[in-house]
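In: please find the sequence and the predicted model below.
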Amino acid sequence: MTENIESFHNKAEGKGAKSPLCLPKLLSEGCVLQQGKSTRIWGKTEAHKGVTVEFQQKTIFTRADETGDWQIMLSMLYPGGPFSLTVRSETGEVIRLQQVYVGEVFVCSGQSNMELPMERVKDQYPEELYRPGEPNIRLYKVREHFDFDGPLSDHRDASWSYCSEETIRSFSAVSYFFGRFLLEARQVPIGLINISLGGTPVEAWMGKEALLSYPKALETLKQFQDKEFVKDHMEENERLQREWHERIDQQDLGLKSQKESWKEIILPGFLKDAGIEDFCGSIWLRRKFQVPDDMTGAAARLWLGTMVDSDKTYINGVLVGETGYQYPPRKYTIPEGLLKSGENEIVIRLVCDHGEGRLTPEKPYKIFTKDHEIRLEGLWEYRIGFQYGPAPEMDFLNRKPTGLYNAMVAPCLSYTVKGVLWYQGESNDGSPDTYEDLLQRLILNWRDNWKQDTLPFVVAQLPGFSIDFKKDSNSWPKIRYAQSRAAQLPLVAVTINLDLGEWNDLHPLNKKEVARRFSLAVRAMIYEEPVEWEGPKLHSFEVNKDRILLSFHTHGEKDIILKGEVGEHAFLLSGADDVYYPAEVHQEGATVSLWCSKVAEPKAISYCYSNAPRNGLLFSQGGLPAAPFRLELQHEGE
């Protein structure tokens, strides 16, 4: 059964849609109010008019100020629902909300990995799509909007929905799984306010006052407050993008070319590995494959990993799918009747924007039905369509300073919430050295403007990822370190997710475990439950000539676990030459011994200080990883 949730934010009985009595979109049908000591209800009416709010056997009167703004605080709300909330004005107007719940409310904010919907991970968690509806998990999704002129009082486009078979595909995966874990633990309705947007830096989520020490950000803000500049700038950016793609489309020789012969290439892989260095433009890729008789004519699924950058994919000359940028997985449907018995052909037209073309390694490349699977890895052929200079860089207004804070965060600031889940940092990897300060400023900025000085934050430390980085890059280790430093602030917890990443995908699929770790940190820090939420923590170390003994603390003082082979990205030691070398490792109980034949006198230790450490990770008995760290050693006499 689908619940009818209609926003009543601008409607009052008796006066119609133009009534001055109104509530914000957050206070609409299906909302979840925070239980406990004090919960704010607010809205607008005529200046100086009285307003009465009735909820849970409480009736509270207040009077609007000279601008028509009013608010009241409801005390000691008890959990459950649905309840009825009634707001009356002195002029006889009435707003009645019949489906109001009370429970625990969390803000889920950040960039794409917080936004990523269940639709993108449906093949990872197919059973979740067909669960019975769960009215006690409710999501308030704020759609993309930005504003550079200052904080808005309400969202332009946002609404509450509850978890059901009809809505779950659009739910943020992290928000959804967190809601499930917390509902199981707390047994009260869970409200999730999702304010997230892919590709966005932390500066876009910060109020202007938090960026006063960043003159470049303020200069950018001032520039984009000029409407004429924005119009001209974006039109020019769009023109350059359009002309680049049009030039390629016009000049692409495509499959008709008689001049260009087909050459062999092994895929998946990088174009540069086949000698096609720094290629920008269009390239055609094709492969012949055999279809068995009993698969002939059947509808099938086609998975082609991910590609850099955009593709159009054809089976036997028929377009079966296209994707406009690099990140989404290519999961296309081959319609019934297209596959023929015997030899078939797949052709991909790949457009590479900036010379980093690839069909991403270690991803699935196959055509399959319930009973058959045709693998597509191996020998392909390629032909250049048209080679051109790099595409112009795309500019995005939603990534400029303060824009998302003003339009998506600010309208939430009067809503009473229990805490914030923050999953962001990927888009600050170009300047990781400033991220520690920016993240702490964001936390303090939100706390100040939410008027909740102790508003708890749980930060998801970035998982492993490396495919888009140069070999010597250490931007993500720096971001992770900055995130861990946020825990210096009170009521901030940082969850470790090193093992949940995919080296070849910015959007790893295991969102359920990310959410579980969020929920464990919330239960431990906010609700003070005795649950294990952290992995092993370095407690002390001893240096004995060329050997180091590390001692770790774990929840319940249990032994630690060393998983996988110890590779170059786990423990490293450096000596007098300041070069880090892979360490030999022996783990026993809660201690780890390290040594290296190339380091006679170790001076520093590095643990998992790389973009995507994959081997030799330390875990607690409960399966939680240790945080990455670097440690300077001090020897006797120093």
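Out: Great, that's in hand.
In: where does this protein dip in pLDDT?
Out: When residues are selected by pLDDT under 70, those of the chain lie in 1-19, 255, 257-259, 566-569, 635-638.
In: what ranges do the helices span in it?
Out: Shown for the chain, the helices assigned by DSSP state H span residues 112-115, 173-186, 215-224, 227-251, 403-404, 435-450, 475-485, 511-525.
In: so which of these is nearest Gly43?
Out: helix 435-450 (18.3 Å; CB to CB). For the C-beta atoms, the positions are set from N, CA and C on the backbone; glycine is no exception.
In: how far away from the center of its chain is the closest one?
Out: Computed by CA atoms, centre = their mean, to the nearest Å, the separation of helix 435-450 from the middle of its chain amounts to 19 Å.
In: out of the helices of the chain, which is closest to Gln124?
Out: Across these, closest to Gln124 is helix 511-525 (CB to CB), at 8.0 Å.
In: which strands and helices sit next to that closest one?
Out: helix 173-186, strand 419-423, strand 457-460, strand 492-495 (3 or more CB pairs under 8 Å, 6 or more residues apart in numbering; DSSP states H and E).
In: CA atoms of the first one as PDB?
Out: Right, helix 173-186. What follows is helix 173-186, C-alpha atoms only, in PDB (Å, rounded to 0.1, in the frame of the first residue of the first chain):
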ATOM      1  CA  ALA A 173      21.600   3.600   0.200                       C
ATOM      2  CA  VAL A 174      23.600   4.800   3.200                       C
ATOM      3  CA  SER A 175      20.600   6.600   4.600                       C
ATOM      4  CA  TYR A 176      18.400   3.600   4.100                       C
ATOM      5  CA  PHE A 177      20.700   1.000   5.700                       C
ATOM      6  CA  PHE A 178      21.500   3.400   8.600                       C
ATOM      7  CA  GLY A 179      17.800   3.800   9.200                       C
ATOM      8  CA  ARG A 180      17.300   0.000   9.200                       C
ATOM      9  CA  PHE A 181      20.100  -0.500  11.700                       C
ATOM     10  CA  LEU A 182      19.000   2.300  14.000                       C
ATOM     11  CA  LEU A 183      15.300   1.200  13.900                       C
ATOM     12  CA  GLU A 184      16.400  -2.300  15.000                       C
ATOM     13  CA  ALA A 185      18.500  -0.800  17.800                       C
ATOM     14  CA  ARG A 186      16.100   1.900  19.100                       C
END
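In: just the terminal-to-terminal distance for stretch 261-276.
Out: 15 Å (CA to CA, to the nearest Å).
In: okay, buried residues for that stretch please.
Out: By 16 or more other CB atoms under 10 Å, the buried positions in stretch 261-276 come out as Ile265, Leu267, Pro268, Phe270, Leu271, Ala274, Ile276.
In: isn't the third one right up against Lys366?
Out: No. Contact between Pro268 and Lys366 fails when scored by CB atoms under 8 Å: they sit 11.4 Å apart.
In: got a list of what the spatially closest residue to Ser341 that is not a sequence neighbour touches?
Out: For Ser341, ignoring the flanking residues on the chain, the nearest one in space by CB to CB, 6 or more residues apart in numbering is Thr296 at 4.2 Å. Counting by CB atoms under 8 Å, 6 or more residues apart in numbering, Thr296 touches Leu339, Lys340, Ser341.
In: how about Thr52?
Out: With CB under 8 Å, 6+ apart, Thr52 has these contacts: Thr59, Ile60, Phe61, Val87, Arg88.
In: kindly recompute the last result at 10 Å.
Out: By CB atoms under 10 Å, 6 or more residues apart in numbering, the contact list for Thr52 reads Thr59, Ile60, Phe61, Thr62, Ile72, Thr86, Val87, Arg88, Ser89, Glu90, Val94.
In: turn those into CSV, including neighbour count.
Out: As requested, the contacts of Thr52 are arranged in CSV below (neighbours: other CB atoms under 10 Å):
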residue, neighbour count
Thr59, 10
Ile60, 14
Phe61, 11
Thr62, 15
Ile72, 18
Thr86, 14
Val87, 25
Arg88, 21
Ser89, 23
Glu90, 16
Val94, 16
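In: which of those lies closest to Tyr609?
Out: Ile72 (51.4 Å).
In: shouldn't that closest one be in contact with Ile41?
Out: Yes. In terms of CB atoms under 10 Å, Ile72 counts as a neighbour of Ile41; the distance is 5.3 Å.
In: so what sits against both of those two?
Out: Overlap of the contact sets of Ile72 and Ile41 (by CB under 10 Å, 6+ apart) consists of Val51, Val53, Phe55, Ile60, Thr62, Val87.
In: let's have those residues in CSV, adding distance to Gly355.
Out: Putting the shared contacts of Ile72 and Ile41 into CSV (distance: CB to CB, whole Å) gives the following:
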residue, distance to Gly355
Val51, 61
Val53, 60
Phe55, 60
Ile60, 63
Thr62, 62
Val87, 59
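In: quick test: name the residue nearest the centre of this structure.
Out: Asn113 (1.6 Å; CA atoms, centre = their mean).
In: residues near the residue nearest to that residue when sequence neighbours are not counted, how many?
Out: Leaving out its chain neighbours, the residue that sits closest to Asn113 by CB to CB, 6+ apart is Tyr423, at 5.3 Å. Tyr423: 29 surrounding residues under other CB atoms under 10 Å.
In: dump the residue contacts of Tyr423.
Out: By CB under 10 Å, 6+ apart, the contact list for Tyr423 reads 108-116, 172, 174-175, 196, 458-462, 495, 497, 511, 514-515, 518.
In: again, only using 7 Å
Out: Residues counted as contacts of Tyr423 (CB atoms under 7 Å, 6 or more residues apart in numbering) are Gly110, Asn113, Met114, Val174, Ala460.
In: so which of those is the closest to Trp446?
Out: For the contacts of Tyr423, the nearest to Trp446 is Gly110 (12.6 Å; CB to CB).
In: from what I can see that closest one touches Gln424, true?
Out: Yes. Assessed by CB atoms under 7 Å, Gly110 is found in contact with Gln424 at 3.6 Å.
In: which residues are in contact with Lys471?
Out: No contacts exist for Lys471 under CB under 7 Å, 6+ apart.
In: what does Ser310 give?
Out: Contacts of Ser310 by CB under 7 Å, 6+ apart are Thr323, Gly324, Tyr325, Val351.
In: highest neighbour count among the residues you listed?
Out: With neighbours taken as other CB under 10 Å, the top of those is Val351, carrying 25 neighbours.
In: for that residue, name its beta-bridge partners.
Out: Ser282, Ser310 (DSSP bridges).
In: pretty sure Ser427 is touching Pro201, no?
Out: Yes. Counting by CB under 7 Å, Pro201 is a contact partner of Ser427 at 4.5 Å.
In: neighbour-wise, which of the two wins?
Out: Pro201 (23 against 17).
In: now that one: how far from Tyr435?
Out: Pro201 sits at a distance of 9 Å from Tyr435 (criterion: CB to CB, to the nearest Å).
In: can you show me the strands along the stretch 201-350 of the chain?
Out: Taking DSSP state E, counting those that start in this stretch as the test, the strands found in the stretch 201-350 of the chain are 263-267, 269-270, 281-291, 300-304, 307-308, 310-315, 318-323, 331-334, 342-352.
In: to Val579, which of the ones you listed lies closest?
Out: Nearest to Val579, of those and by CB to CB, is strand 269-270 at 28.1 Å.
In: who does that closest one pair with, and is each partner parallel or antiparallel?
Out: strand 358-359 (antiparallel).
In: now do the contacts for Leu421.
Out: Leu421 touches Phe106, Val107, Cys108, Phe178, Val458, Phe518, counting by CB under 7 Å, 6+ apart.
In: out of the residues you listed, the closest to Leu21 would be?
Out: Val107 (27.1 Å).
In: list the helices and strands the lengthiest strand in the chain packs on?
Out: Secondary structure assigned by DSSP state E gives strand 94-110 as the longest strand of the chain. Packing partners of strand 94-110 (3 or more CB pairs under 7 Å, 6 or more residues apart in numbering; DSSP states H and E): strand 32-34, strand 80-89, helix 173-186, strand 190-196, strand 419-423.
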